[in-house]
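Visitor: Turn this into a structure:
(2 chains)
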Amino acid sequence: MILEELKHAVSLRVREWAKDQPELAAGAGKELPFTQPPAHVPADLSFPWPLQAAKLLKRKPLDVAGDLAKAFGALEGVEPPQPSPPGFVNFRLTSSALSRNLARISREPATYGANARVRARSILIEFVSANPTGPLHLASGRAATLGDSLVRVLRRIGHKVGAEYYINDAGGRAEILGQSLKARHEQARGKDVQVPEGGYQGEYLKDMAADLPAEAAGWKPVEFGKWAMNRLIAQHKEDMASFGAGFDRWFLESELHDAKAVEQTLAWLKERKMAYEKDGATWLGTSGVEGADDDKDRVLVKSDGKPTYFLADIAYHKNKFDRGWGELIDILGADHHGYVPRMKAAVAAMGKPPEAFHAIVHQLVHLFKGQEAVKMSKRAGEFVTLRELVADVGRDACRFFFAQRTPNAHMNFDLELAKKRSNENPVFYVQYVHARICSIFREAQKADLAPPDVRETEALGQLLTQPEERALLVKLAWFPDALAACESALSPHPLPTYLLELAGLYHPFYEKCRVVDSSNKDLSRARLALCRGVKEVIAEGLELLGVSAPELM
RNA sequence: GCGCCCGUAGCUCAAUGGAUAGAGUACUAGCCUGCGAAGCUAGGUAUAUAGGUUCGAUUCCUAUCGGGCGCACCA
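Guide: The predicted model follows:
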């Protein structure tokens, strides 16, 4: 939190300083920039703003930085600010500020990273929402990781966040699924029938056919379909639970139909003159909506009188708003990105501002076995299930791996590598630090050394003057910033990067600084406090990622 | 053809328009009879190409090349 406070204090001083300089009025409302200085600069926080201001002032950047550094005067928690070429002002945290932050972490680790200054958002995040026509496959693992970890991070920061999984259990798919299962059922009883063209060819229906009850012999395809869907939905729930992805609600599309919400939404749109008739169908004017960029209008009700999936989905999104959520985020695979413009247009039709709906489109996962690309085809039933993946690689490695990538990036997943050498996954590098510190605490206990309490931590922390110790203290101070980066990116991926960097700073400390040392109890206990802080932040960070923090490995 | 996303180290990936572009992994050589060697230390490689905007570009704009995904009265 100390960095947030510092940024805030600096911003106030800058505004004060700029007040009397009319040249600066142009950029007055903008948020001020702060950056993490590169390794060779002996500072903890950088302020590059003088580079921008110099232009407006028609002065040399370094002179502006110098003036500003003077104008800042004494700031809480930092040594006197230093101007630095070409035009930065650099801040270095004091030892007491760093110890105070260390004490703050241990006072209440579970709220470290919460932002007291934040305006709480109300966000409903919908993710995975896979069709209940087959098992979850590995792409769902990516969506589940991105969604669940984002939910956790945003909640930690202080926002109100809901998590939902939408189940598309209505429409024509159930019928086709039922026909496919019926064919498998009959095959199992020795009949020479084929799974229909366009049906679900996957092996999983063979397994399912073996579990059908005896009375299934008299079932119609629809009944097969219902039975299969219920079973698949139950599997999806199990898979998400064992993956650590939590949902507040599993929302069935059929609920909307049962409650007449689909018709009501249509009537509501018509009332507002948003929908029109053409060629026997009912349309929504999605093209030409500013900011949505859809290239054509979309059908709501087909000429056969049946509602489209799109209409039901509008009803669902309207339902989310009607339940009081301020912002909606959908996490979608890249194969659905074409759907975003029409949903934006629909949200606009509901009278909501564009920023009330946001789609996170994650790129697809490409599977490799060594050098060879594995073609995945849901139709042909060739895919790696999430279940298999987790069984092979483990949940921790899976989630950390998925969480590391920005949603925008395509990712390659090498199954051979993942299976046979999971130790190559960086998650173990981070977990190892946690286990190592736990081991140190066991040693400390044997030597009758206990870490200090919160108040004593603040005092003893000043003994941590080695560069390796200071580097860790500073890194701990950046944790809230890493969470803030996740919020602005709407992705958890800055967090694994942060944890790897923190872990990377711990080992050199460990090599150089003996922790358990009865001959120097104060220093030893100060170092135990530092270790505790690192352990807590790693545990909290991993928790947000849905990854375990083992005491033994 | 049109639209969206992506080309960074041998490989997998980072970097709100900022200073000398970072990790892991792989390769080589050293480190364990005091807290866990799943570790440390030291070695060197990268922004696809060509322009442009800017004090400053991996980041923004244009074009080209290469890859992924979309372009239904399917869901």
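
Visitor: wait, residue A:146 sits on residue A:491?
Guide: Yes: the criterion here is Cβ atoms under 8 Å, and residue A:146 meets it with residue A:491 at 6.2 Å. In this view, the C-beta of every residue, glycine as well, is placed from N, C-alpha and C.

Visitor: anything in contact with each of the two?
Guide: A:360, A:407 (Cβ atoms under 8 Å, 6 or more residues apart in numbering).

Visitor: Neighbour count for those two, which is higher?
Guide: residue A:146 (25 against 22; other Cβ atoms under 10 Å).

Visitor: Tell me the pLDDT of that one.
Guide: Listed pLDDT for residue A:146 reads 96.

Visitor: same question, the one 10 residues further on
Guide: pLDDT for residue A:156: 96.

Visitor: do the same with residue A:117
Guide: Reported pLDDT for residue A:117: 84.

Visitor: just checking, it is part of a helix?
Guide: No: the secondary structure assignment for residue A:117 gives coil rather than a helix, going by DSSP: H, G, I helix; E, B strand; the rest coil.

Visitor: What about it, how many residues nearby?
Guide: 10.

Visitor: cool, and the one 3 residues further on?
Guide: Counted with other Cβ under 10 Å, the neighbours of residue A:120 add up to 13.

Visitor: Break chain A into its domains for me.
Guide: Here the domain parsing of chain A from automatic domain parsing is A:2-93, A:127-254+A:363-421, A:426-545.

Visitor: Output the ones you listed as TSV; include the columns distance to RNA strand B.
Guide: What follows is these, written out as TSV (distance: least, Cβ to the nearest atom of the strand, whole Å):
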stretch	distance to RNA strand B
domain A:2-93	3
domain A:127-254+A:363-421	3
domain A:426-545	3
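
Visitor: so who does residue A:65 touch?
Guide: So residue A:65 contacts A:50, A:83, A:84, A:87, A:88, A:89 (Cβ under 8 Å, 6+ apart).

Visitor: farthest-separated two in those residues?
Guide: Pairwise distances across the contacts of residue A:65 peak at 9.8 Å for A:50 and A:84 (criterion: Cβ to Cβ).

Visitor: ok, these two, which is more surrounded?
Guide: Neighbours per residue (other Cβ under 10 Å) separate residue A:50 from residue A:84, with residue A:50 holding more: 27 against 21.

Visitor: that's a helix at the more buried one, yeah?
Guide: Yes: the assignment for residue A:50 (three-state DSSP) places it in a helix.

Visitor: how about it, what does it touch?
Guide: Counting by Cβ under 8 Å, 6+ apart, residue A:50 has contacts A:61, A:62, A:64, A:65, A:68, A:83, A:87, A:88, A:89.

Visitor: distance between stretch A:401-408 and the chain's centre?
Guide: 9 Å (Cα atoms, centre = their mean, to the nearest Å).

Visitor: Any chance you could list what contacts it?
Guide: By Cβ under 8 Å, 6+ apart, stretch A:401-408 touches A:141-142, A:145-146, A:149, A:331, A:360-363, A:393, A:411, A:413, A:418, A:425-427, A:489-493, A:495-497, A:545.

Visitor: for stretch A:444-457, same thing?
Guide: Under Cβ under 8 Å, 6+ apart, the answer for stretch A:444-457 is A:99, A:102-103, A:106-107, A:441, A:459-460, A:515-516, A:518, A:521, A:524-526, A:528-529, A:531-532.

Visitor: picking up where we left off before, sitting in helices, which of the contacts of residue A:50 do you find?
Guide: A:61, A:62, A:64, A:65, A:68 (DSSP state H).

Visitor: So the second one is in contact with residue A:85, correct?
Guide: Yes: taking contact to mean Cβ under 8 Å, the distance of 5.6 Å between residue A:62 and residue A:85 places them in contact.

Visitor: Compare those two and say which is more crowded by neighbours.
Guide: Set side by side, residue A:62 and residue A:85 show more neighbours around residue A:62, with 17 against 8, by other Cβ under 10 Å.

Visitor: Quick one: residues contacting the more buried one.
Guide: Taking Cβ under 8 Å, 6+ apart, one finds A:50, A:83, A:85, A:86, A:87 in contact with residue A:62.

Visitor: can you list the weak-confidence ranges in chain A?
Guide: A:26-29, A:370-371, A:375-383, A:419-422 (pLDDT under 70).

Visitor: distance of the most centrally placed residue in it from residue A:353?
Guide: Geometric centre of chain A, nearest residue: residue A:150, 2.8 Å, by Cα atoms, centre = their mean. Counting by Cβ to Cβ, to the nearest Å, the gap from residue A:150 to residue A:353 is 21 Å.
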